[in-house]
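1. Sequence first, then the predicted structure:
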Amino acid sequence: VLVSLICSPPQNYPLYIRSVPTENELKFHYTVHTSLDVVDEKISAMGKALVDQRELYLGLLYPTEDYKVYGYVTNSKVKFVMVVDSSNTALRDNEIRSMFRKLHNSYTDIMCNPFYNPGDRIHSRAFDNMVNSMMMQVC
């Protein structure tokens with residue numbers, strides 16, 4: 001399982017990346033960066049409907065042999081990407097959506113911190129603990 005937050009365009013650099021297990025981390029980085037094009041395509045395809053309905057969850061971006069890649073975008077265009085093992089059939093769409101909401105809420109808490117500069121990498125123990133607990137539920 002990999003969780004990644006990507007800054008808004010045009011930078012598209014990672015604010016936070018966490019993977020379990022860590023041995024395939026470079027492969028996950030590649031997967032996340034290739035999924036950004038799919039996120040942009042989905043956002044542009046949804047266009048005004050995305051803004052009208054406030055639907056931030058993009059759903060399954062694309063499946064591979066080993067993984068499923070899911071996407072979420074905030075109102076401020078910060079992209080969340082989650083890569084899940086495709087053999088994990090216990091995860092339904094509602095659980096993925098709920099996980100993204102938890103991530104978004106925790107990200108919002110970080111943004112409300114007066115000592116956090118927007119655009120900096122996320123170094124928060126509370127955020128790490130939330131992500132770790134979420135990943136342990138999935139694994």
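-> Structure's in. What do you need?
2. remind me which residues of this structure are low pLDDT?
-> For the chain, the stretches flagged by pLDDT under 70 are 8-9, 47-54, 139.
3. Now do the helices in it.
-> Assigned by DSSP state H, the helices in the chain fall at 25-46, 48-53, 93-111, 125-138.
4. Counting neighbours, what do you get for the residue nearest to Lys42 when sequence neighbours are not counted?
-> Spatial nearest neighbour of Lys42, excluding adjacent residues (Cβ to Cβ, 6 or more residues apart in numbering): Leu58 at 4.9 Å. All C-beta spots, glycine's among them, are computed from the backbone N, C-alpha and C. Leu58 has 22 neighbours, counted by other Cβ atoms under 10 Å.
5. Show the contacting residues for Leu58.
-> Counting by Cβ atoms under 8 Å, 6 or more residues apart in numbering, Leu58 makes contact with 39, 42-43, 70-73.
6. now do Pro63
-> If you count contacts by Cβ under 8 Å, 6+ apart, then Pro63 has 69, 86 around it.
7. quick one: it and Val69, what's the gap?
-> As defined by Cβ to Cβ, to the nearest Å, Pro63 lies at a distance of 7 Å from Val69.
8. And for Gln11?
-> For Gln11, the distance to Val69 equals 21 Å [Cβ to Cβ].
9. same question, Met134
-> Using Cβ to Cβ, Met134 is found at 17 Å from Val69.
10. ok, those two, which is more surrounded?
-> Set Met134 next to Val69 and count neighbours by other Cβ under 10 Å: Val69 wins out with 22 against 19.
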